[in-house]
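*Asks:* Provide a 3D model corresponding to the input given below.
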Amino acid sequence: MMMAGSKRYAGMVICRALDLSSSQRSGTVAIPLSGRGPGSSCGFFMNEQMNIVIVGHVDHGKSTVIGRLLADTDSLPHGKLQQIRELCERTSKPFEYAFLLDALKDEKAQGITIDSARVFFKSANRHYIIIDAPGHIEFLKNMITGASRADAALLVIDAREGVQENSRRHGYMLSMLGIDRVAVLVNKMDLVDYSREVFESIRREYLDFLNSIGMEADSFVPVSGIKGDNIAVSSPQMPWFAGETVLGTLDAFSAKEKDTALPARMPVQDVYKFTRFGDDRRIVAGNLTTGRLGVGDRVIFYPSGKSTTIKTIETFPPPAEGEQKGTPAAGDAVGFTLDEQLYVARGDLMAKAGEVQPKVATRLKVCLFWLGRKSMVKKKEYALRIGTSKVKVNLEQIDRLIDAATLDSNEEAGQIGRHDVAECILRCEQPLAFDLNCDLPETGRFVIIDDYEIRGGGIILEGLADDQSWLRNKVLIRNIKWEKSSLLREERAEHYSQKASLVLVTGTKDSSKKELAKKVEAHLFNQGRFVYYLGIGSVLYGVDADLKTIDSDSRAQNRKEHLRRFAEVAHLFLDAGMILVATAIELTQQDLDLIQTILPNQKILVIWTGDEITSDIAADARIRSGLPLDNGLAKVKALLQENGIVFKG
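*Replies:* Predicted structure coming up:
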């Protein structure tokens with residue numbers, strides 16, 4: 001049975017991956033359908049499995065090496081090798097082992113591999129998944145998504161061409177991604193008469209480069225993919241080489257244990273709600289990247305800091321009668337129900353209470369590899385994706401620019417060019433939950449997206465403070481300690497036929513802010529809405545009565561604290577499901593940012609009143625002075641309806 005959107009070629013199914021995981025993975029997947037490969041009746045996986053990424057400059061022979069491994073380890077479906085030989089004879093093409101992988105028409109037309117592919121093969125010791133990361137300069141971005149989920153790497157260098165710029169770039173990227181088990185294959189030795197001198201020269205040159213970036217290679221292996229020399233069997237053509245074959249080198253790699261001893265992390269993929277047959281479960285689903293989680297564990301969702309306890313573990317299909325559900329561990333796709341119902345969304349990062357918690361920041365110090373044709377520049381909006389979270393981001397500062405091929409450094413660069421590595425600072429539009437790459441690589445890596453394409457990727461080195469850091473810390477503590485109601489936000493919305501929202505009316509001093517706000521309150525109340533008007537002065541002389549103003553510095557600090565307390569009061573109203581209509585004089589965008597930090601995931605509408613705009617605040621509507629209040633009311637009503645806060649009526 002063929003999958004939708006797949007192609008059959010040489011006994012394989014090529015499937016396009018439709019979603020990115022915590023490692024931003026994508027590409028094509030090659031799965032043997034029959035024969036004695038991993039898809040046979042002997043079982044898809046043995047006791048041990050290892051993910052290997054293979055990288056190299058274009059035409060250095062990666063595909064040939066993989067094809068030869070498949071053939072020499074008897075991992076091909078029965079008869080497929082002969083079928084491809086016969087196909088080559090019919091089309092008058094010389095047979096190449098690379099044809100085993102060149103399954104897409106555009107790959108065959110260009111003679112290069114343009115998609116990351118997963119290829120399964122086996123040795124006597126374990127099963128392998130080889131991730132074929134393209135070497136062509138046009139498709140380096142696919143290597144990021146391929147290498148980011150690998151346990152070890154094979155790096156291929158052509159014996160005739162020697163070390164190329166891409167060879168160095170690939171080594172640098174593997175180093176950035178934390179892949180420290182690397183074997184370098186010097187391929188096409190048959191074309192240099194199996195020269196030991198050529199091999200040793202390449203080994204010394206590339207070893208010097210790896211040492212310069214603080215990286216080591218486990219071994220260097222001279223091979224001929226097309227002849228099979230030192231692929232699965234030692235070559236009599238190179239008696240001077242006493243090391244392992246490629247297969248022996250792979251088997252010698254120590255298996256990477258599951259990251260179960262690390263702090264638990266699960267990027268939320270989605271939240272599923274069931275309603276049929278009285279099923280009221282809300283299942284939070286995702287892939288557990290590190291650690292373990294089980295029933296009764298207290299968990300915290302970031303960046304909000306909301307916390308609850310895991311009630312059940314949900315699996316599909318459900319366990320047979322009498323079987324017990326296991327404890328999910330790193331690498332498992334899993335779903336949970338929670339004791340207390342929270343507003344949890346895709347992109348949240350779930351962690352286990354009592355363990356090292358993720359960091360939350362809007363400013364990130366990163367090491368970034370840029371792949372876009374157009375340079376990465378300041379004042380341009382990009383998208384940053386880490387795990388299942390995607391936020392808008394811009395380049396704030398470049399600390400140092402490095403040419404990944406030459407390692408030349410530039411500390412005065414104004415933009416990040418193609419194939420450059422930059423130590424820089426990124427500013428996110430909203431708080432992002434993450435870990436430092438040195439602590440938890442799975443949640444410390446990211447990609448940068450521009451115009452729906454991956455243009456770069458990198459690792460997070462540090463989370464930096466911003467103007468709202470002190471506020472977010474307070475909000476995190478508040479949410480962790482918050483005593484939650486048993487009523488859900490959706491239940492309140494359904495009961496009141498509205499969505500809890502803050503309507504913030506601001507503007508110049510004599511612009512009828514209060515009159516308009518009170519008219520909106522009265523109209524909504526007469527419609528049966530759950531609504532309240534709050535003048536910010538009511539907070540100033542009540543909750544804020546202890547704040548004293550002495551000088552300009554204390555006034556500025558008191559203003560921040562005043563707005564913080566106002567936002568916390570608003571949080572209470574919104575948590576109750578209310579529409580809160582509030583007024584304040586000439587709020588700025590900085591003021592609004594502070595309020596939004598206190599009220600994440602809450603709907604805030606900003607209405608500016610007055611003939612003159614005296615603030616930089618981003619308003620959703622403007623109402624001029626002198627107009628009848630009914631005109632302003634109609635405008636606010638339309639805005640409430642457009643945003644789904646109330647229905648027409």
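*Asks:* Surely residue 388 touches residue 265?
*Replies:* No - using C-beta atoms under 8 Å, residue 388 makes no contact with residue 265, being 11.4 Å away. All C-beta atoms are positioned from the backbone trio N, CA, C, and that covers glycine.
*Asks:* of the two, who's got more company?
*Replies:* Legend: neighbour count by other C-beta atoms under 10 Å for residue 388 and residue 265, higher for residue 265 (30 against 21).
*Asks:* Helix, strand, or coil at residue 280?
*Replies:* Three-state call for residue 280 (DSSP: H, G, I helix; E, B strand; the rest coil): coil.
*Asks:* ok, and the closest non-adjacent residue to it?
*Replies:* Nearest residue to residue 280 in three dimensions, chain neighbours excluded: residue 274, at 6.9 Å (C-beta to C-beta, 6 or more residues apart in numbering).
*Asks:* Could you double-check that residue 592 lies in contact with residue 616?
*Replies:* No - the pair residue 592 / residue 616 is not scored as a contact, 9.6 Å apart, by C-beta under 8 Å.
*Asks:* ok, the two, which is more surrounded?
*Replies:* More crowded of residue 592 and residue 616, by other C-beta under 10 Å: residue 592, with 20 against 10.
*Asks:* now the helices for the stretch 501-649 of the chain?
*Replies:* 513-526, 536-540, 552-575, 589-598, 629-642 (DSSP state H, counting those that start in this stretch).
*Asks:* Now tabulate those helices in CSV and tack on distance to residue 304 and mean pLDDT.
*Replies:* Formatted as CSV, those follow (distance: least, C-beta to C-beta, whole Å; pLDDT from 0 to 100):
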stretch, distance to residue 304, mean pLDDT
helix 513-526, 28, 93
helix 536-540, 24, 83
helix 552-575, 12, 83
helix 589-598, 11, 88
helix 629-642, 25, 91
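*Asks:* Between the ones you listed, which one is closest to residue 379.
*Replies:* Closest to residue 379 of the helices of the stretch 501-649 of the chain is helix 589-598 (C-beta to C-beta; 16.5 Å).
*Asks:* Please list the residues outside that closest one that contact it.
*Replies:* Here helix 589-598 makes contact (C-beta atoms under 8 Å, 6 or more residues apart in numbering) with 431, 467-468, 471-472, 475, 502, 504, 560, 563-564, 566-568, 570-571, 584, 602, 604, 606, 615-618.
*Asks:* Out of these, which end up buried?
*Replies:* With burial judged by 16 or more other C-beta atoms under 10 Å, the buried subset of these is 431, 468, 471-472, 475, 502, 504, 560, 563-564, 566-568, 570-571, 584, 602, 604, 606, 615, 617.
*Asks:* any idea how far residue 443 is from the nearest residue to residue 73 once chain neighbours are set aside?
*Replies:* The shortest distance from residue 73 to any non-neighbouring residue, by C-beta to C-beta, 6+ apart, is to residue 121 (5.1 Å). Distance, residue 121 to residue 443, by C-beta to C-beta, to the nearest Å: 30 Å.
*Asks:* Comparing these two, which shows the higher neighbour count?
*Replies:* residue 443 (29 against 23).
*Asks:* so what's that one up against?
*Replies:* Counting by C-beta under 8 Å, 6+ apart, residue 443 touches 22, 265, 267, 289-290, 349, 358, 386-387, 433-435.
*Asks:* possible to save these as CSV with secondary structure and pLDDT?
*Replies:* Listed next are the contacts of residue 443 as CSV, based on DSSP: H, G, I helix; E, B strand; the rest coil; pLDDT from 0 to 100:
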residue, secondary structure, pLDDT
22, coil, 32
265, strand, 95
267, strand, 94
289, coil, 89
290, strand, 90
349, strand, 95
358, coil, 94
386, strand, 91
387, coil, 87
433, strand, 94
434, strand, 95
435, coil, 95
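*Asks:* just the residues you listed now: which is nearest residue 524?
*Replies:* residue 433 (35.6 Å).
*Asks:* Tell me what the nearest residue to that closest one once chain neighbours are set aside is bridged to.
*Replies:* With C-beta to C-beta, 6+ apart as the criterion, residue 433 has its nearest non-adjacent residue at 3.5 Å, and that residue is residue 302. Bridge pairing for residue 302 (DSSP bridges) gives the partners residue 349.
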